[in-house]
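A.B. asks: could you look at this predicted model? Sequence included:
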Amino acid sequence: MASGEEDGTVEEKETNNKKRTKGTIATAWLTFYNIAMTAGWLVLAVAMVRYYLQKGTHKGLYRNIAKTLKFFQTFALLEVGHCAIGIVRTSVIVTGVQVCSRIFMVWFVTNSIRQIQNEESVILFVVVWTITEITRYSFYTFNLLNHLPYFIKWARYNMFIVMYPLGVIGELLTIHASLPYVRRSGMYSLRLPNKYNVSFDYYYFLIIVMLSYIPLFPQLYFHMLRQRRRVLHGEIVVEKDE
Amino acid sequence: MGHVEILDAKTKDKLCFLDKVEPNATIGEIKSMFHKSHPQWYPARQSIRLDPKGKSLKDEDVLQYLPVGTTATFYFRDLGAQISWVTVFLTEYAGPLLIYLMFYFRVPFIYASKYDFTTSKHWVVHLACMCHSFHYVKRLLETLFVHRFSHGTMPLRNIFKNCTYYWGFAAWMAYYINHPLYTPPIYGEQQIRLALIVFLFCQIGNFSIHIALRNLRPPGSKTRKIPYPTKNPFTWIFLLVSCPNYTYELGSWLGFTLMTQCLPVAAFTLVGFIQMTVWAKGKHRSYLKEFRDYPTLRSPILPFIL
């Protein structure tokens, strides 16, 4: 019986050790990930500033940074995975919605509808995203390293108040600008008759996407506001029980 | 004779004090008494528990058999506005029945006006309408005459969620099946015949399971027993599956997908399958927890697989 008890505690120690190693691996990976993303978006910021200083215009700027933007924005899909396996304690759905909307904008709007790439609204949302992401990823990095300067924390939980709405305006204006080109080209659309007996009209889909901002944006915005109140002012927000 | 005090689970405020409560009083009776002092909280929306974060007590639980002293302290949580299961089922099933028929008869403003009130030239479209309508009429009749519900009510917001799902998908499917540009199945009559056989087989199967489950439970009771195969061959699937009603339901919709060769129908089948699998797994788990001698050969929804 005594040896049985010993086995028990040995097993416990082993599982605790496994848990600690998993924790350190997760922290190491997340630190690397967030440093890499901060660097990536900084590179984007520098590239945009250099282009504008050299050319004096925003025309052609998107084409210039397109590859880097696509690479780093797509890489962010990993964040959904982080939430799913539990090494980041955020809702998979909230992260999923945010990353998907970014991927959608980059790949299915600006990348595929070339005629709108020189619109000012594109520059607007790309600039907003860059500022937001540099703040966000450096916040995570410093947090993981346990040396978070107050100004980064302040920036993360205050800049979004202006950045979020500006970003939304940029995105909506861009989608709106793309509509006539989508309609004319019939891209990504499937017409009847066909053997699957289904149809898809990308034009109306984009309109639905624009309308979906109405319920979705306030939810994400107020989620951030609640986080802000909790982090900056230590207020206890009573969550509505389901 | 005991006393009962009811506190708010969140704020711990004293909401109600009932003195001189019979020891053999049930939670259901206590809920009625609580309702008298707080008329806005009818019994169906009361969750009474021993612990603020604990599980809800059942209406049938008797006061004297609960781990409480002479003054029992219960915690109350408001479940929100409730609606009866029967009402929800009737509404969510009547919708698809009527909506599909609107598309079938090509009511104006759906398709181009030259097609108003015309009928499809493909006989599979007529067959599909009959099958779809039969399915939902069956569901409505089962709700009224067959099912014995464990819970009387569900939260009110469920009716909006459920109706959006059923009505939305019904409209989406019906639009394409009854469309003037509908393309009939590639393998023609063979495909349609096979699909119809599968569909009817599964409809009968599903109905057989519903009857078998009903007969497990005497009227008005909420007892739970392990379902077993009966003389009806359609129930022999109980040997392999815990929730054959869902298995047959999946089969019916696979049949309908094959019959109509319509992607929205396939999507509806897939989403339904995912939801039913979640339910089947839950039911299977509670069977295993409740009954020590639960047959080990059974899977939740798909024999040996899922």
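C.D. replies: Arrived safely. Numbering: from 1, shown residues only, chains lettered A, B, ... in the order given.
A.B. asks: state which helix of chain A is the longest.
C.D. replies: Longest among the helix segments of chain A by residue count, using DSSP state H, is helix A:2-55.
A.B. asks: point out where the chain drops to low pLDDT.
C.D. replies: Because you didn't say which chain, this covers chain A. A:1-11, A:234-242 (pLDDT under 70).
A.B. asks: if you could check chain B rather than the one you did, that'd help
C.D. replies: B:222.
A.B. asks: contact partners for residue B:12?
C.D. replies: Counting by C-beta atoms under 8 Å, 6 or more residues apart in numbering or on different chains, residue B:12 touches residue B:52. Every C-beta, even on glycine, is put in place using the N, C-alpha and C of the backbone.
A.B. asks: how about the residues of the stretch 51-200 of chain B near chain A?
C.D. replies: B:77, B:176, B:177, B:179, B:181, B:182, B:183, B:186 (C-beta under 8 Å from any C-beta of the partner chain).
A.B. asks: contacting residues around the closest residue to residue B:291 other than its chain neighbours?
C.D. replies: Closest residue to residue B:291 apart from its sequence neighbours, by C-beta to C-beta, 6 or more residues apart in numbering or on different chains: residue B:226 at 5.5 Å. For residue B:226, the contacting residues are B:287, B:291, B:293, B:294, B:295, by C-beta under 8 Å, 6+ apart.
A.B. asks: which one of those residues has the most neighbours?
C.D. replies: Within those, neighbour counts (other C-beta atoms under 10 Å in any protein chain shown) peak at residue B:287, which reaches 18 neighbours.
A.B. asks: picking that back up, just the buried members of the residues of the stretch 51-200 of chain B next to chain A?
C.D. replies: When burial is judged by neighbour count using 16 or more other C-beta atoms under 10 Å in any protein chain shown, the buried members of these are B:77, B:176, B:177, B:179, B:182, B:183.
A.B. asks: assumed the fourth one was part of a strand.
C.D. replies: No: looking at residue B:179 with DSSP: H, G, I helix; E, B strand; the rest coil, it is coil, so not inside a strand.
A.B. asks: for chain B, see how far away the residue positioned nearest the centre of chain A is.
C.D. replies: The residue lying closest to the centre of chain A (C-alpha atoms, centre = their mean) is residue A:99, at 4.1 Å. Distance, residue A:99 to chain B, using C-beta to the nearest C-beta, to the nearest Å: 22 Å.
A.B. asks: ok, now which ones touch that residue?
C.D. replies: A:76, A:77, A:79, A:80.
A.B. asks: in TSV, list those along with secondary structure, distance to chain B and neighbour count.
C.D. replies: Below are the contacts of residue A:99 laid out as TSV (DSSP: H, G, I helix; E, B strand; the rest coil; distance: C-beta to the nearest C-beta, whole Å; neighbours: other C-beta atoms under 10 Å in any protein chain shown):
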residue	secondary structure	distance to chain B	neighbour count
A:76	coil	27	18
A:77	coil	22	14
A:79	helix	24	21
A:80	helix	19	19
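A.B. asks: out of those, flag the one nearest to residue A:25.
C.D. replies: Nearest to residue A:25, judged by C-beta to C-beta, of the contacts of residue A:99 is residue A:79 at 17.2 Å.
A.B. asks: chain neighbours aside, what residue packs nearest to the closest one?
C.D. replies: Excluding its sequence neighbours, the residue lying closest to residue A:79 (C-beta to C-beta, 6+ apart) is residue A:95, at 5.5 Å.
A.B. asks: need the phi and psi values for that neighbour.
C.D. replies: Torsion angles at residue A:95 (phi, psi; degrees, to the nearest 10) stand at phi -60, psi -40.
A.B. asks: likewise residue B:153?
C.D. replies: Torsion angles, degrees, to the nearest 10, at residue B:153: phi -130, psi 170.
A.B. asks: mind giving me the domain ranges of chain B?
C.D. replies: B:2-80, B:83-288 (the TED database).
A.B. asks: deepest-packed of the ones you listed, please.
C.D. replies: Highest mean neighbour count among those (mean count of other C-beta atoms under 10 Å in any protein chain shown): domain B:83-288, with a mean of 17.
A.B. asks: from the chain's centre, how far out is it? Work that out for me.
C.D. replies: 11 Å (C-alpha atoms, centre = their mean, to the nearest Å).
A.B. asks: kindly report the same for stretch A:180-200.
C.D. replies: Here the centre of stretch A:180-200 is set off from its chain's centre by 29 Å, with C-alpha atoms, centre = their mean.
A.B. asks: and the helices in the chain?
C.D. replies: Answering for chain A, as no chain was given. Under DSSP H, chain A gives helices at A:2-55, A:61-75, A:78-85, A:92-103, A:120-144, A:150-158, A:160-185, A:202-233.
A.B. asks: you answered for a different chain; I wanted chain B.
C.D. replies: B:27-37, B:85-104, B:123-145, B:157-177, B:188-215, B:244-260, B:263-290.
A.B. asks: run the angle between the longest helix of chain A and helix A:78-85 for me.
C.D. replies: 160 degrees (axes from the mean of the first three to the mean of the last three C-alpha atoms, to 10 degrees).
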